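**Q** Sequence and predicted model, in that order:
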Amino acid sequence: MKRTERIVLVLSGAVAGALVGCDSNDLRLSTGTTYTNNHHVRGVGYYHAPFHAWYPYPYNTYDPVRGYYYGGQWNAYPALPGVTASQPTEHAVSQAKAGHQTHMAATRRGGFGSSSRTGIS
């Protein structure tokens with residue numbers, strides 16, 4: 001019985017994580033998929049559901065100097081809650097995929113000891 005309860009809890013956690021919009025390395029982005037607000041894709045950014053696109057900062061991020069960030073701009077007031085999930089535009093998906101490829105190309109991994117070989121011919 002305890003084993004069954006643990007399985008249920010693990011599955012519940014996985015479902016809850018998907019609804020919250022956790023980090024995802026999956027680049028199968030599409031206009032036919034609904035993403036939750038602040039769904040994060042590594043190398044792409046945070047999905048802002050009301051704006052149907054990804055941005056570098058989470059929705060309603062606050063900075064004391066710049067204000068609140070949403071929809072690609074800093075604003076004096078936070079966005080009011082409204083749209084919590086939506087589907088991205090075709091343009092947003094193509095930009096996200098292109099941005100991810102650029103980010104991944106710029107990320108170089110050398111493995112163990114690569115820093116000790118820097119500058120050696």
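**A** All right, it came through fine.
**Q** which stretches of the protein aren't confidently modelled?
**A** Scanning the chain for pLDDT under 70 picks out 1-27, 100-121.
**Q** Could you pull out the helices in the chain for me?
**A** Counting by DSSP state H, the chain has helices at residues 2-20, 90-106.
**Q** Quick check: the gap between Asp63 and Thr34.
**A** Applying C-beta to C-beta, to the nearest Å, the value for Asp63 to Thr34 is 29 Å. For the C-beta atoms, the positions are set from N, CA and C on the backbone; glycine is no exception.
**Q** same question, Arg28
**A** 14 Å.
**Q** Settle it for me: which of the two has more neighbours?
**A** Shown here are Arg28 and Thr34; by other C-beta atoms under 10 Å, Thr34 has more neighbours (10 against 7).
**Q** my read: the more buried one touches Ala85, true?
**A** Yes. Look at Thr34 against Ala85 with C-beta atoms under 8 Å: they come within range, at 5.1 Å.
**Q** so what's in contact with these two at the same time?
**A** Counting by C-beta atoms under 8 Å, 6 or more residues apart in numbering, Thr34 and Ala85 have no common neighbour.
**Q** What segments of the chain are strands?
**A** Remark: strands assigned in the chain by DSSP state E are 35-36, 40-41, 45-48, 53-55, 61-63, 67-70, 73-75, 85-86.
**Q** Tell me which of these sits most buried.
**A** Comparing the strands of the chain by mean neighbour count (mean count of other C-beta atoms under 10 Å), strand 45-48 ranks first with a mean of 24.
**Q** Tell me how far the closest residue in space to Ala76 that isn't next to it in sequence lies from Gln95.
**A** Excluding its sequence neighbours, the residue lying closest to Ala76 (C-beta to C-beta, 6 or more residues apart in numbering) is Gly67, at 5.1 Å. For Gly67, the distance to Gln95 equals 24 Å [C-beta to C-beta].
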